[in-house]
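Q: Give me coordinates for this.
(2 chains)
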2 protein chains.
Amino acid sequence: MTSWVQVPKDSDFTIYNLPFGVFESKRLSPRAGVAIGDKIVDLSVLHEEGFFAELSQLPNDIFLRDSLNDFIGLGKSVTRKVREIVQNLLKEENDALREHTCRGKAMVNRKEAKMLMPVKVGDYTDFYSSMEHATNVGTMFRDPDNALLPNWKHLPVGYHGRASSIIPSGIPIHRPKGQFKDPNMEKPEFGPSRRLDFELELAFVTGGPTKMGDTISTEDAEDYIFGFVLFNDWSARDIQAWEYVPLGPFLGKNFASSISPWIVTLEALEPFRVAGPAQEPEVLPYLKCEKDHSFDIQLEVYIQPEGFNPTKVCTSNFKYMYWNIAQQLAHHTINGCNINVGDMMASGTISGPTEDSFGSMLELAWKGTKPIQLVEGGERKFINDGDTIIMKGYSEKDGIRVGFGEVASQVLPAK
Amino acid sequence: MTSWVQVPKDSDFTIYNLPFGVFESKRLSPRAGVAIGDKIVDLSVLHEEGFFAELSQLPNDIFLRDSLNDFIGLGKSVTRKVREIVQNLLKEENDALREHTCRGKAMVNRKEAKMLMPVKVGDYTDFYSSMEHATNVGTMFRDPDNALLPNWKHLPVGYHGRASSIIPSGIPIHRPKGQFKDPNMEKPEFGPSRRLDFELELAFVTGGPTKMGDTISTEDAEDYIFGFVLFNDWSARDIQAWEYVPLGPFLGKNFASSISPWIVTLEALEPFRVAGPAQEPEVLPYLKCEKDHSFDIQLEVYIQPEGFNPTKVCTSNFKYMYWNIAQQLAHHTINGCNINVGDMMASGTISGPTEDSFGSMLELAWKGTKPIQLVEGGERKFINDGDTIIMKGYSEKDGIRVGFGEVASQVLPAK
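A: Numbering: from 1, shown residues only, chains lettered A, B, ... in the order given. Have a look, this model is predicted:
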C-alpha cells in the first residue's frame, strides 16, 4: 500500500497506521484528525463532503468536538469503518479525495496544528505489569531474594491515578514540591523533589461504557480497547517513598503524566501481535487467554539537556510485559467495576531484561549508584531542571512501519 | 428563622440547611433543587421567574443541567448568593414566592423526585485521616506497638479511587467477586467476597478549577470546597488484603461507593465549626492552619437485614478526624496537582475513640472476632447479601438542625 500523500521514509505515520487525534490551529477550532506523513486529514471536512455517508450513525458534528470520546463511543464497527474509508481515500490509486476540490481544506499541515488531549480521561489506572521492573524495584527497596511480592504473578497489580493532570506532549511541567524523609533525616523536610523521574509506559484508551456489576472477559477485552498512546508517568521518587505506605503512590505521581497525542489503533498494530511471556504459575481461569494480546513495539527514551542534543538512555519493548491488556481489563472489571469511554489504562514501567532496557532513571542509574553519562550535558542520576524527556515508539516489519510519534516534555524549576 | 414550608421537627432539611442536589421525576427532566422539609425547591423555576435576576452571570439553563458542576464552577460568591436568595424566599415573613403563581410549580414533593448524582465526579480521592481508624487497622494487621506508620502524623495519607462507580443513595450494589488468599490457603482462590464491609466517611465536593503547578493554601482551601455528602466507601476486605501491596487498594474498593445525594454547603455547617484534635508533632508550615476547619457532625450507621428493622451499629462524629479538610486540600495540591469542579475528596473511615464509634465492620467486629448482635436478623462479622447499610449525619445546636439525610444501599448477591 502506498499513498498519494508523500510520507517520509522514517515516518511513524504511514498509510498502515492512521492514528486518531484532536488538533486545532490559528484558523481551526478543535477537531478530529488522522495523521499521515506530515499531514493531518481533517475528518470534519471529509464528513461534510459526504465521504462517510454510508455511516448514518455519525452525528454531523462528531468530528468537531474537543475530544474523541463520542466518536470512540460509537463502537468498533464504526471507528474501524471510518479508518478504512480514510485509508482507501489515501491510497495512491484513489482519486476521490486527491482530485476533490476539498483536498486543500481537508489536508492540514501537521506543523501548523497544535495537538490537544485526544480524549477526556474519565478514570486513569496504572498497572505494574513488567516483571523486570517489579523485580528491580523489589530488589532495590525490599529483598533481592524475594523481589516479587506473593500476589504479583497471580494478578496484574494496579492502582488508580489522577486523571486531571494527564497532558499532551509539548507542555512543560514544573518540578513538584513535597515532603520527603531520607533515612538519614530526623524528620521530614519540605522542598522541590530531588529525585524526579520518568516512567516509560504505554496506555490504552477504552471504549464502552459498561454497567456497574458487569465484567469483560479476556476474549472480549479488545472490543473495549480503541488504541494506545505513549505515556510518561512522571514520578517524584523521594515524595513517593515517604508517602506510599500503606495506600500507594499519591503526590509522588499525580502532579503530571504526559502522553503522545495520536492514538494508534489496535487495527494498526495487528501485524505486530506476538505471544507474551509464559505465565507460571498458571493464572486463574478469568485471566486465561485464547489468543495473543502482546505487541512488538520498540520503545526509546531520550534525555535532552537544555541547549544540548538528546542522548538515548533506554531501548525497551512492549512485548516484555508479563501481563497483557486483555488480562488487565478483565481483572479491572472482574469485581463489576464499570468503565467509560476514554478511560486510560497505563501499563506500568516497561523494563526489559538488560540494563539498557530499564524504563526509569531509578532503575537505569540503579537508585543513584550508577549515574548515566549523557553524550552532551553531563551525567544524570535523576532528571535535572531544563531537561526534556522524549519517548518514542514504533513497530516495524516487512517494510511496514507503524509508530506513535513522540511524547516530549521539558522539566521547569519548581514554582 | 422559620419557614412557611412546613418542616417536620426532626427534619435534616431545615431553613438553616438548604442543601443542593439534582433530581428528576416522571414529569420533570433532571434539574437542580434545594431541599427543605419534605419539599424540593426547583431552582430552574425560580430562575425562570426572575428571582435570581441580580445574578447576571447565571446562564438561563444553569439549573436544567444534569449536574451541579457548572453552577459550582461559578464560584462561592454566586453559589452563596443563590442560597441566600432561596433562604430569604422561604422565610415565614416573605410572601414573594409563597404567594406567587409559580409556587405550585416551584415546590416539588421530595417523595415524587428521584435523586441523581449531584455532580459529575472528575477525580475521586480518599484520605485516611482518622487516627483511631488508622490505629485500629495498624493494630490488627501490623504491629500494635507501632500501629501508626511513621508518615501518618506528618501528612494526610491519601490515594486515588475510582470516580466512575460513585453512585447515589438507593441504588443496590452487587457483592463483588475477586481473588483472595487467606494465610491458610496454598494459592489464591476466586469467588464472591466473603468480607464485604462499609466505611463511614464524609466527602467534600470541590470548586475550582486550579491550574497545574498551582497550590491551594490552608487559608484559601475552603474557597474551593462547596460542601459535603455522606460517603459509604464499600470495601471487600479479603480482595483488598491480597491485592494492596505495594500500590494500594484497587478492586477491593472500586466496585462501588455510595453517597447521600444532597450536598450540604459549608455555609450551612458554619455554626458547627469546632477545633480539631491537637496535632503533635508540629506539622510542616504548609499544613498549619490559622482557624478551625473541623465540624461537629454526628454520624450513625445502621444495618437493616432484609425483612427486618435496622440496628444502629455505629455512632461516630466527624470532629474526631486528625487531619482537616483545609490540610487535605493544601496537601493534595502542594505538588501542583490541579483540581477541577466536582472532584470528590473523602475523609477516610471516621472512627471515634470508643468501640461503638468505629466506622467499619472490620473494626466493630474486630476482624471477625467479635460479631455484632443485631436487634433483628442475627449477628454480623461483615455484611450479608440482602442487608441494607444506612448512614445518617446531622449537626444540632441551639435548636438549629442541619443534616445530610441518608445514604442507604442494599447489597445484592454476586452476579
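
Q: okay, the residue in the stretch 151-300 of chain A that chain B sits nearest to: pLDDT?
A: Closest approach between the stretch 151-300 of chain A and chain B, counting by CB to the nearest CB: A:Gly248, at 2.3 Å. C-beta coordinates here come from the backbone N, C-alpha and C atoms, glycine included. You'll see A:Gly248 listed with a pLDDT of 96.

Q: What are the boundaries of the helices in chain A?
A: Secondary structure of chain A (DSSP state H): helices at A:43-48, A:69-72, A:76-90, A:103-106, A:131-141, A:237-243, A:266-269, A:325-333, A:361-364.

Q: Present those as a markdown table; the columns should include mean neighbour count, distance to B:Gly208 and mean pLDDT.
A: Output for the helices of chain A, formatted as a markdown table (neighbours: other CB atoms under 10 Å in any protein chain shown; distance: least, CB to CB, whole Å; pLDDT from 0 to 100):
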| stretch | mean neighbour count | distance to B:Gly208 | mean pLDDT |
| --- | --- | --- | --- |
| helix A:43-48 | 21 | 31 | 98 |
| helix A:69-72 | 20 | 21 | 98 |
| helix A:76-90 | 18 | 33 | 98 |
| helix A:103-106 | 15 | 38 | 98 |
| helix A:131-141 | 19 | 34 | 96 |
| helix A:237-243 | 23 | 22 | 97 |
| helix A:266-269 | 20 | 35 | 98 |
| helix A:325-333 | 26 | 28 | 98 |
| helix A:361-364 | 26 | 32 | 98 |
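
Q: nearest to chain B, of these?
A: Here helix A:237-243 is closest among these (CB to the nearest CB), at 5.7 Å.

Q: And the contacts of the closest one?
A: The contact list for helix A:237-243 (CB atoms under 8 Å, 6 or more residues apart in numbering or on different chains) reads A:141, A:176, A:178-182, A:188, A:193-197, A:249-253, A:362, A:382, B:151, B:155, B:157, B:335.

Q: ok, 6 Å please
A: Applying CB atoms under 6 Å, 6 or more residues apart in numbering or on different chains, the contact partners of helix A:237-243 are A:178-181, A:193-195, A:197, A:249-252, A:362, B:151.

Q: which one of the residues you listed is nearest B:Phe23?
A: Checking those against B:Phe23 with CB to CB, the nearest one is A:Phe250 at 34.4 Å.

Q: you'd agree that closest one is up against B:Gly158?
A: Yes - at 5.5 Å, A:Phe250 counts as touching B:Gly158 under the criterion of CB atoms under 6 Å.

Q: before we move on, back to that, what about the residue lying closest to the residue of the stretch 151-300 of chain A closest to chain B once chain neighbours are set aside, how many residues nearby?
A: Nearest in space to A:Gly248, with sequence neighbours left out and distances taken as CB to CB, 6 or more residues apart in numbering or on different chains, is B:Gly248 at 2.3 Å. Residues lying near B:Gly248 (other CB atoms under 10 Å in any protein chain shown) number 26.

Q: Please report the distance of B:Gly248 from A:Tyr159.
A: Separation of B:Gly248 from A:Tyr159 (CB to CB, to the nearest Å) stands at 5 Å.

Q: Mutual contacts of these two, please.
A: Common neighbours of B:Gly248 and A:Tyr159 (CB under 6 Å, 6+ apart) are A:Gly248.

Q: got a list of what A:Met344 touches?
A: Contacts of A:Met344 (CB under 6 Å, 6+ apart): A:121, A:124, A:203, A:205.

Q: so the residue nearest to A:Gly248 touches A:Val245, yeah?
A: No - B:Gly248 is beyond contact range of A:Val245, at 9.3 Å (criterion: CB under 6 Å).
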